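Asks: Sequence plus the predicted model coming up.
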Amino acid sequence: MAVGDVVEFEAEIEANIPKLRRFARAMVRDRALADDLVQDCLMRALTRRHLFQPGTNLGAWLTTILRNGIINHIRRGRTVSLEDEGGATLDLPAVGGNPTTALEMRDLSAALQALPDSWRELVLLVGLEGMSYEEAARVTGVNVGTVKSRLSRARGMLRALMDGQDAQAAGRTAYGRPPQSPSDAVAAPPRTAA
C-alpha cells in the first residue's frame with residue numbers, strides 16, 4: 001500500500017469512528033466498554049489493513065470487525081446490564097431546542113433498548129447508519145430475507161412501544177406472542193405460517 005493510500009485509508013477509518021461508537025454503545029449499553037471495543041476494532045483494522053479489499057465498503061468492514069469483537073466479549077461472559085452506569089442509553093444525534101423532540105428521542109432510545117439484540121443491531125445498521133439490506137446481511141452473517149423479516153418485526157415493536165404499549169404487549173405485536181426475554185429473538189425467532 002502506497003503512503004497516500006495509507007493516509008486515505010486511515011482518514012476513512014477516522015470518519016467512521018462516530019458510527020462505530022453509536023453502534024457499540026447501543027449494543028453493549030456501557031459507554032466505557034463500547035469505547036474500548038471500538039478501540040480494539042480500530043487497532044485490528046489498522047493492523048489487518050492488508051485484508052481490506054479496496055473498492056468495498058470500509059464502514060461495513062469496520063462494523064463487521066466491531067460486531068465480532070462484541071460477540072467475543074459476550075461469549076467470554078462479560079455482559080453488561082441496563083442498570084450499569086445508571087441505565088446508559090443510546091447516544092442519538094442532537095435534536096435542537098425543541099423539548100417535545102428531545103422527549104421523543106429519549107423514548108426512542110428506551111424503545112431501541114427494549115428490542116432483542118439481533119433486531120436492534122439491524123435497526124441501527126440500516127436505519128441509523130444507512131446500510132443497505134445486503135450490507136447489513138453481510139455484516140451480521142444472515143441472509144437478506146432474514147434481515148428484512150427482523151427489521152419488519154423490529155419496526156412493528158418500535159411502533160408499539162412508541163405508541164405507549166409496554167414491552168410485553170409490544171413483543172406480542174412483533175412476534176405474535178410475548179418474547180420470553182429480550183434475547184428470545186436472538187436464540188430462536190418464532191416461526192410463523194406462510
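Replies: Great, that's in hand.
Asks: so what does the helix ranked longest in the chain touch, helix or strand wise?
Replies: In the chain, with assignment by DSSP state H, the single longest helix is helix 3-28. Applying 3 or more C-beta pairs under 8 Å, 6 or more residues apart in numbering; DSSP states H and E, we find helix 3-28 packed against helix 31-47, helix 58-75, helix 117-122. Backbone N, C-alpha and C define where each C-beta goes, glycine included.
Asks: looking at the ones you listed, which is buried most?
Replies: Counting by mean count of other C-beta atoms under 10 Å, helix 117-122 has the highest mean neighbour count of those, with a mean of 23.
Asks: now for that helix, which elements pack on it?
Replies: Helix 117-122 packs on helix 3-28, helix 133-140, helix 144-162, helix 184-187, going by 3+ C-beta pairs under 8 Å, 6+ apart.
Asks: could you give the angle of the third one to helix 133-140?
Replies: Pointing back at helix 144-162 there. Orientation check (axes from the mean of the first three to the mean of the last three C-alpha atoms, to 10 degrees): helix 144-162 against helix 133-140 gives 90 degrees.
Asks: quick one: buried residues of helix 144-162?
Replies: Buried residues in helix 144-162, counted by 16 or more other C-beta atoms under 10 Å: 146-147, 149-151, 153-158, 160-161.
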